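Could you work out the structure for the sequence below:
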Amino acid sequence: MGVNSNRVEDENHCFETTLNIIPNHNNNINNTTAQTMVVQLPNHPSSPTQLHRVCLPPKRSTLQKLKHRVSDIFFPDNPFHKFNNQTWLKKFILTLEFLFPVFQWGPTYSLKLFRADLISGLTIASLAIPQGISYAKLANLPPIIGLYSSFVPPLIYSILGSSKHLAVGPVSIASLVMGTMLSEVVSPTQEPILYLKLAFTSTFFAGVFQAALDFLSKATLIGFMAGAAVIVSLQQLKGLLGMVHFTNQMQIIPVLSSVLKYKDEWAWPTILMGLCFLFFLLSARHISAKRPKLFWLSAAAPLTSVIVSTIMVFAIKPNPQRIPIIGHLPKGLNPPSANMLYFSGSYLVLAIKTGLVSGILALTEGIAVGRTFAALNNYQVDGNKEMMAIGLMNMAGSCSSCYVTTGSFSRSAVNYNAGAKTAISNIVMASAVLITLLFLMPLFHYTPTVILAAIIITAVIGLIDYQAAIHLWKVDKLDFLACVCSFFGVLFVSVPLGLAIAVGISVFKILLHVTRPNTNVLGNIPGTQTYQSLGRYREAMRIPSFLILAIESPIYFANSTYLQERILGWVREEEERIKANNDSVMKCVILDMSAVTAIDTSGIELLGELRKMLDRMSLQLVLANPAGNVMEKLHVSKVIESFGTQGLYLTVGEAIADISSSWKAQP
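Residues are numbered from 1 along each chain as shown. Here you go, the predicted structure:
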């Protein structure tokens, strides 16, 4: 066989090897001499073959690289591409549309769309009013704050948000977290003004964090929401049983102990009323779930329960101690609360911490809900716009007597099923809440608090997703562990600490993947130029004299030492296998770097040291298909020069062909 091989670097820093092969008729490289190894190569062309180039990326300044990286991180979909080659007027219009999505669909809004939004807006208002009052109670806030929070934030979101179906208002999880974290330090009954100030301040910081935060893992949320749902339901036993004394702690053991300790306070009229309406609410929810066309049953059930129970209590006018009622609720618009924001003092850290946790949860739920319904209607929800919209509406809400709000799954589902077409449905809902605030508040005076407890229990039961937990167990045991720790942490420790434990496990999982990346021994799929894991593909065959390893992660300081030890371990295991099977002597180690997306100075030093160590073992180290930024760093650091003319190839197949041919050419 004739071989002619040479390697050059052109003016574009592309490394090229020219290989001329005159194959045998059976397309195999055969040799009868003892010095040359027998190599089974994939089918290669019968004409002289030029190996492909391994090139550096185009030269860019550090500022250009930084600009590209920042743009890629914060604007992965490149929203500014529409501004190219446009007039100043068009750019101004595009800017308005980018900052305020209402300008995108507003010009084409029609009466037909308004009719659909009017019906859906009134429908979700019937759900938002009782839920707003109930969730404010869950956050240990006056009920009127829940209605305030269902008025201002939806108006802001309708202008800034990108979802057509997201219905904005208070939600159970964020309400629970805020109520728990604040009440552990400040009593809402003994220091109501301070508690209210901290609630508004936490909402402000939640909005600040929401404009720039990422989201929790799905596994963490599944466990957290299930644990929170159990805690929330147990907390409602106070209202459901008509008790006066109750623990301020949120863990399952103190709550159950409190229920049993004060069992002489159980009020049977309250229990009977609560169980009847709880059955009604759950039945309506079940029917709507089974028959989506009857969605209005679950939507109307909470308001119906409030109206019927209020009429019943008003008719009999019982002793408030036997069936507690909401009492007086002030009429009027949201009073300003900017002067109540708490930016100094000993409780500032508490407000920031509460805002951070409740803000993350609210943002995660809001974007997840928005994307869920967007997928059903084949349109996109912009994550960056949603973060800004939810963040800004909470910052504005904190100045207008509102607490943390986001997109509610239950209200959004009702909004979707009711036929909402745009965010105008939020404006209709807010208008209905406005009318309630101005004229209808006295009607809620005799509303029994047990109804609020029943509404909350009905809402949070749906957060317990045991099927998702089973799926996690089957797919990823570490995710399941995070889910379980989050669940039991919330139940037995505390809500924020349970969440922190789950987040810690998720971070540990990330660190585990980063510091202990996968490495695989590759073999050739016969008849192809494909190289895959020997442990995964039974038909994959080893190439004599070659050890082909794939690294499946970036090479950083955190994993460079591990990778060096693991690669040397693979070399040792391969030598032991060769000795046991009396196979061909190993001559070359090829690192397939297709999955190595980045490398730092520690990684570069690793490759240099590894080459020297293998050289002392009479083994050649070859790199195949490094990524552009990896190649650039190897070139700048001069490490690539130490690999010689046969140390860098575009593919594993070309490396084997070229190196095998050079061995053949040796006398």
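
so what's C399 up against?
200, 204, 336-338, 341 (Cβ atoms under 8 Å, 6 or more residues apart in numbering). To be clear about C-beta, it is placed using only N, CA and C from the backbone, and glycine gets the same treatment.

run the last query once more with 6 Å
337-338 (Cβ atoms under 6 Å, 6 or more residues apart in numbering).

Could you do N559 as well?
Contacts of N559 (Cβ under 6 Å, 6+ apart): 515, 517.

Would you mind measuring from it to L606?
9 Å (Cβ to Cβ, to the nearest Å).

Equivalent analysis for H165, please.
50 Å.

if you count what's nearby, which of the two comes out ahead?
Remark: of H165 and L606, H165 carries more neighbours, 30 against 23, as counted by other Cβ atoms under 10 Å.

so the more buried one sits in a helix?
No: when classified by DSSP: H, G, I helix; E, B strand; the rest coil, H165 is found to be coil rather than part of a helix.

for I599, phi and psi?
Phi and psi for I599, reported as degrees, to the nearest 10, are phi -150, psi 140.

my bad, L522
phi -100, psi 150.

Let me know the pLDDT of it.
We have a pLDDT of 93 for L522.

That one and I551 touch, don't they?
No: using Cβ atoms under 6 Å, L522 is not in contact with I551; the gap is 11.0 Å.

between the two, who's got more neighbours?
More crowded of L522 and I551, by other Cβ under 10 Å: L522, with 25 against 21.

list the contacts for that one?
531, 548, 550.

any idea how far the spatially closest residue to the second one that is not a sequence neighbour is from M631?
Among residues not flanking I548 along the chain, L522 sits closest, at 4.1 Å (Cβ to Cβ, 6 or more residues apart in numbering). Here the criterion is Cβ to Cβ. By it, L522 lies 20 Å from M631.

Domains in the chain, by residue range?
Following the TED database, the chain resolves into domains at 106-464, 466-515, 516-665.

Include distance to W88 when you put the ones you listed into a markdown table, please.
Converted to a markdown table, the domains of the chain look like this (distance: least, Cβ to Cβ, whole Å):
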| stretch | distance to W88 |
| --- | --- |
| domain 106-464 | 20 |
| domain 466-515 | 45 |
| domain 516-665 | 36 |
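
Most tightly packed of these?
domain 106-464 (a mean of 21; mean count of other Cβ atoms under 10 Å).

Between its first and last residues, how far does that one reach?
38 Å (Cα to Cα, to the nearest Å).

Which strand or helix spans V571?
Remark: V571 resides in helix 560-581, with elements defined by DSSP states H and E.

ok, back up a step: out of the contacts of L522, which is nearest to C402?
A550 (53.3 Å; Cβ to Cβ).

Now stretch 263-270 - C-alpha only, CSV.
Output of stretch 263-270 as CSV, limited to C-alpha atoms (Å, rounded to 0.1, in the frame of the first residue of the first chain):
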residue,chain,number,x,y,z
LYS,A,263,-60.1,19.4,71.1
ASP,A,264,-62.6,20.8,73.6
GLU,A,265,-62.7,23.9,71.4
TRP,A,266,-64.0,22.0,68.4
ALA,A,267,-67.3,23.6,67.2
TRP,A,268,-69.6,21.0,65.6
PRO,A,269,-71.8,23.6,63.7
THR,A,270,-68.6,24.9,62.1
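
and for that stretch, what are the contacting residues?
241-244, 322-323, 450.

Counting only helices, which of those make the cut?
241, 450 (DSSP state H).

Can you lay out the contacts of stretch 263-270 as TSV showing distance to L356?
Shown next, in TSV, are the contacts of stretch 263-270 (distance: Cβ to Cβ, whole Å):
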residue	distance to L356
L241	34
G242	36
M243	33
V244	34
R322	41
I323	39
V450	34
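
Go through the contacts of stretch 263-270 and say which is closest to L472.
Nearest member of the contacts of stretch 263-270 to L472, counting by Cβ to Cβ, is L241, at 34.6 Å.
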